Structure formats: C-alpha cells, structure tokens
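In: Sequence and predicted structure are below.
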Amino acid sequence: MDKHPTIENLLEKMTAYTNQSNLDLVRLAYDFAEKAHAGQTRKSGEPYIIHPLSTAMILTDMRIDPIIICAALLHDVPEDTNVTLEELNKNFGPEIASIVEGITKLGKLKYRGVERYIENLRKMFIAMAEDIRVMIVKFADRIHNLMTLDALPPPKQYRIALESLEIYAPIANRLGIGEMKGMLEDLAFKYIYPKEYEATILLKETKLKDKEQLLKNVQEQAKNEIGEAGIKIIDLHGREKKMYSLYQKMQRKDNDVAKIYDLVALRIIVPTIADCYASLGVIHKIWKPLKGRIKDYIAQPKPNGYRSLHTTVFVEDGEVVEFQIRTPEMHEEAEYGVAAHWHYDEFGARLPKKEIRWVKELADIQKNILNRLSDLEEIKVDFLQSRIFVFTPKGDVIDLPEGATPIDFAYHIHTDVGDKCVGAMINDQLTSLDTELRNGDVVEIIIDKNRKGPAQDWLKFVKTNTAKSHVKNYIKNKHSKLSDFFKYIKPGK
Ligand code: MN
C-alpha cells in the first residue's frame, strides 16, 4: 500500500471482485466522507480522509464486500463531524448506516483503566452478537491506527497497542480471522515489547536464511511426488510464522529455536478432503513424521473452526519441516474466519454464511460474563489485576486474572473439577499445573475421579481467591479430621 492511497487505488483493487454499480456506491461513500471530514487533519498532519480510506484499503486487500467498504469509508463521520446517522441513513440506506452506528457505539468509551478494559470488551461482545461486520471494520480501523501510531505520544501508543494485543487480537482469533489477528499482533508487538521485537526480527532472519535452500528442495520434491500420485495441487507455498506468534512460542519453548518446527511451514492446497489425506500419505512415504506432531484438525477442528492437516517430518541432516494441508475452502476460512462470508475469492464467489459455534454462544457468553461485569464494585475488587480470557475446549470463554494457572481455571469451572484435577492440556499440549495461562489459550482439565482433594503445594502458584480458599479449606478440614481421629486413640497407659 502506498503511503497515501487514493480513491482510484481503492476502486482499481475492487474492480477485480465487484461490479460497476458497487464501485459507484463506494465512490459516493468516499465523496461523502471526504466532504464531511474536510479541513480535519490527523495527529500526523495528514488530511483526515486518509484514515478512513486506508481502513477501507485494508479490507479491499482482503477482497471484502462493498457494503462493508462503504461503512469503512464512513466509519468516523457521525463521531467526528456534524453529519448525523440519519443523514447517512438517508443517503446510503439502513444497512450501511447501521454498521456505522455499531462502530460509533464501540468508539465511545467513558472509563479509564480496568473499567475501560471491561467496558470495551462488553461493547465488543454486544457488537459481535448484533452484526459481525461491525467488528470487521473495527479491526481494520485499529490496524490502520496501529500503522500510524508513531504520531501519538508514547503513553497513548502503549495503551492502544496493549488494547490491541489483549482485546482485539484475541477476539479476531476467536472469530477465526487469522489474517487480521496476525496484523494486529505484529503491529502492536514493537510498542509493547520493543527489545523482544528486535530480537525476534533478528532470530527470524538468521534462521530463515539458514533454511532457505533446504525448503526449496523439500518443496520441489513434495510437489513432484504429490503430482505423481495423481493429486492436483492448487497451490504450494511457504508461510513464515508471524513475529508475535513466534515470540510467544519461543517463550513457551524455553527460548530454544530448535524446538520451533513451524518457523516456516509448507502449505499445500488441494481440491478435496480425500486429496488432503492422500497428500499426507505421500509426505509420510517420503519423510518420517515426528511422533506426536501429526494433527488432524479436519476430523477435529480447533474451537475457532480452523481445519487443516498438520505434520512435521524429518528431512535431510536432522532438519524438520512442517506441512499444512488443506482445501481452498479451509484456506479461506483459516485466513478470514467469520469474515469469509463477506470475502470474495478469485472466482467472485463467497463462502456460505456459516454460524461459528462460538458466535452462536455469544448470547450465553453475554449473560454469563456481562452480567457479572456489570457490578462495578465487584469489578473493582476482582478485576484490579489485568485479565486474560481463555477458552474451554467447547469454546466457552473463561476470564481469569493474569498469571492464573490451570488450577484456577479448574476451580472456576467447578469445585469438583478443581479438587480432582491431575493434569492440563493447553492448546492440545500436556502442561504442568503451575503453567501460567495466556490470553486465548484453550484449556482442558484432566481429572482423576479417585483423587481425594487438592495438594497443599498448589497454594504456591494459584492466583484466584476461589482456588486459594478451596485449597485452604480442604487442608484445614483434613487436619481437623485427623485430629478428631487422634482424639479417639488415647495415649498408652
Ligand atoms: Mn477510525
């Protein structure tokens, strides 16, 4: 994208996937927004219209529906100009006006600090339940704000970047919009962890250079043999791991880059599900797979709907390479998630509107979380620490204080789950019970029905009051039962 995109650039990109009457509508929306914002400038000194135009441009790169592009062009009009929502309604109809209204509602945050965080989340949950398109524009709006963050004073940079990492990116992830989640994280990363950001760039560059030739060879061989097996390859490309995601994984793997197998993954797109499994077979016939690294997300999709086959194989010189195998439909879903319905593929087709389970459950989530969050007094006591949002394997959202462990999670679910907890899977990986959970983790608790109760040791690392008090109570009761028992055993004569 040019530093200053123009409406011509935008329309030109859209010609690839939409018709003339839609292009006319988009131009009208642009002219309207430009007039409304006339004379306004951004902190950087640029004319204000650059911002809504760039927001629309980000969505155009994703080949998003023209109605949403119009809403993106108009998204700051009611908030920042004299033009009202009614006027938008009159000029562009209720559909565009209601998306813009949703975005305007998200923008008005009254609180600061923790309360702001919660208010923000609550509003986003409501917006998502009402119209996902509002969030699609909001993500693009935030992405452009992050791209131009340098113009703001450092404390504001930090706040916006943190909010993006802690609220926007996890929600984009939950909605399956991998493309936007990655952009939000990588843009916010350098403002929150500048040193780690630099180190990650360096690490990535060095490692990638080392692997370049190897990957080329592997890619070539895979292509030939899959082709020889009679499978039509639609696309085979390397995808580099995103910066922030690499940084997070490094932390989980004791900063040992040798343990990161998917720095670059080779992605194979084939026509059908049967082709996916057949290609996996071909790959395993050429190279030996690593134990425990074959993942069938087609038979068992991730909670956010992600589907693919993953495998990591040994290639030459003890090097390993990860493959991700999927159909074009799975690929669109992985990049665009719920937004896939409003995204046009190269043939001008859209995926059917798919209800993602999590979106369906939003109503419940709202009831459960939002009602609890509405008691501000409780929030002050319970939410003073920053919060993380983690998920059950079914996709239910559980909110916990930062630093919380699987034990805290278990007690949050149910006392019995806590008492009988013996292990935990975080994002499908078996982990120890004192592992700190991170935003967006999917946590599964392993219980042993025969377990008597919690261990005293747990007090060393649990974070929530609920977990602490359960463990303490149990220990107290156990001791009092023991002393009761000893009362009956009289000392010898
Ligand atoms: Mn904006």
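Out: Looks like it arrived, so ask away.

In: And the contacts of the helix or strand containing residue 239?
Out: Using DSSP states H and E, residue 239 maps to strand 235-240. For strand 235-240, contacts defined as Cβ atoms under 8 Å, 6 or more residues apart in numbering pick out 204, 208, 215, 219, 222-223, 263-269, 324. Quick note: C-beta positions are derived from backbone N, CA and C, even for glycine.

In: top of the residues you listed by neighbour count?
Out: Taking other Cβ atoms under 10 Å as the neighbour criterion, residue 268 ranks highest of these with 27 neighbours.

In: Is it correct that that one is in contact with residue 280?
Out: No - taking contacts as Cβ atoms under 8 Å, residue 268 lies outside contact range of residue 280: 9.1 Å.

In: can you count the residues close to residue 17?
Out: Other residues within reach of residue 17, judged by other Cβ under 10 Å, total 20.

In: Might you report the residue contacts of it?
Out: Listed by Cβ under 8 Å, 6+ apart, the contact partners of residue 17 are 63, 344, 348.

In: Against the ion, which of those residues make the cut? List them.
Out: Filtering the contacts of residue 17 for proximity to the ion by Cβ under 5 Å from the ion leaves nothing.

In: returning to what we had before: of the contacts of strand 235-240, which is the nearest to the ion?
Out: For the contacts of strand 235-240, the closest approach to the ion (Cβ to the ion) belongs to residue 204, at 30.8 Å.

In: can you pull out the helices in the stretch 1-150 of the chain?
Out: Using DSSP state H, counting those that start in this stretch, the helices of the stretch 1-150 of the chain run over 7-15, 20-36, 50-61, 66-74, 77-80, 85-107, 113-130, 132-147.

In: residues contacting residue 266?
Out: Counting by Cβ under 8 Å, 6+ apart, residue 266 makes contact with 215, 218-219, 222, 236-239, 321-324.

In: Okay, the nearest residue to it once chain neighbours are set aside and residue 15: tell me how far apart.
Out: Excluding its sequence neighbours, the residue lying closest to residue 266 (Cβ to Cβ, 6 or more residues apart in numbering) is residue 323, at 5.2 Å. Distance check for residue 323 against residue 15: by Cβ to Cβ, to the nearest Å, it reads 35 Å.

In: got any residues that touch both of residue 268 and residue 280?
Out: Shared contacts of residue 268 and residue 280 (Cβ under 8 Å, 6+ apart): 323, 325.

In: What I need now is the contacts of strand 235-240 written out in a markdown table, including pLDDT for each item.
Out: A markdown table is the format used below for these (pLDDT from 0 to 100):
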| residue | pLDDT |
| --- | --- |
| 204 | 89 |
| 208 | 83 |
| 215 | 90 |
| 219 | 94 |
| 222 | 96 |
| 223 | 96 |
| 263 | 83 |
| 264 | 83 |
| 265 | 90 |
| 266 | 95 |
| 267 | 95 |
| 268 | 97 |
| 269 | 96 |
| 324 | 96 |
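
In: can you tell me which of the residues you listed are in helices?
Out: Judged by DSSP state H, the subset of the contacts of strand 235-240 located in helices is 204, 208, 215, 219, 222-223.

In: Please name the nearest non-neighbouring residue to residue 424.
Out: Residue nearest to residue 424 in three dimensions, not counting chain neighbours: residue 406, with 3.5 Å by Cβ to Cβ, 6+ apart.

In: ok, the one you found - contacts?
Out: 421, 424, 426, 431, 433, 435, 437, 443, 445.

In: List just the nearest of the residues you listed to residue 395.
Out: Nearest to residue 395, judged by Cβ to Cβ, of those is residue 443 at 11.7 Å.

In: Shouldn't the closest one be within a helix?
Out: No - assigned with DSSP: H, G, I helix; E, B strand; the rest coil, residue 443 falls outside any helix and is strand.

In: now it: how far from the ion?
Out: Residue 443 sits 34 Å away from the ion, going by Cβ to the ion, to the nearest Å.

In: Give me the neighbour count for residue 4.
Out: Look at residue 4: counted by other Cβ under 10 Å, it has 11 neighbours.

In: rewinding a little: who has more neighbours out of residue 323 and residue 15?
Out: Remark: of residue 323 and residue 15, residue 323 carries more neighbours, 25 against 11, as counted by other Cβ under 10 Å.

In: Stretch 205-214: how far from the chain's middle?
Out: 27 Å (Cα atoms, centre = their mean, to the nearest Å).

In: again, but for stretch 155-162
Out: On the basis of Cα atoms, centre = their mean, stretch 155-162 sits 19 Å off its chain's mean C-alpha point.

In: Please say whether there is contact between that stretch and the ion.
Out: No - judged by Cβ under 5 Å from the ion, stretch 155-162 and the ion are separated, with a smallest distance of 11.7 Å.

In: What lies in contact with that stretch?
Out: When contacts are defined by Cβ under 8 Å, 6+ apart, stretch 155-162 is touched by residues 142, 145-146, 149-150, 152, 187-189, 191-192.

In: same check, this time on stretch 468-475
Out: With Cβ under 8 Å, 6+ apart as the test, stretch 468-475 has contacts from 411, 415, 418-419, 453-456, 458-459, 462.

In: contacting residues for residue 76?
Out: Each residue near residue 76 by Cβ under 8 Å, 6+ apart is listed here: 33, 37, 48, 51-52.
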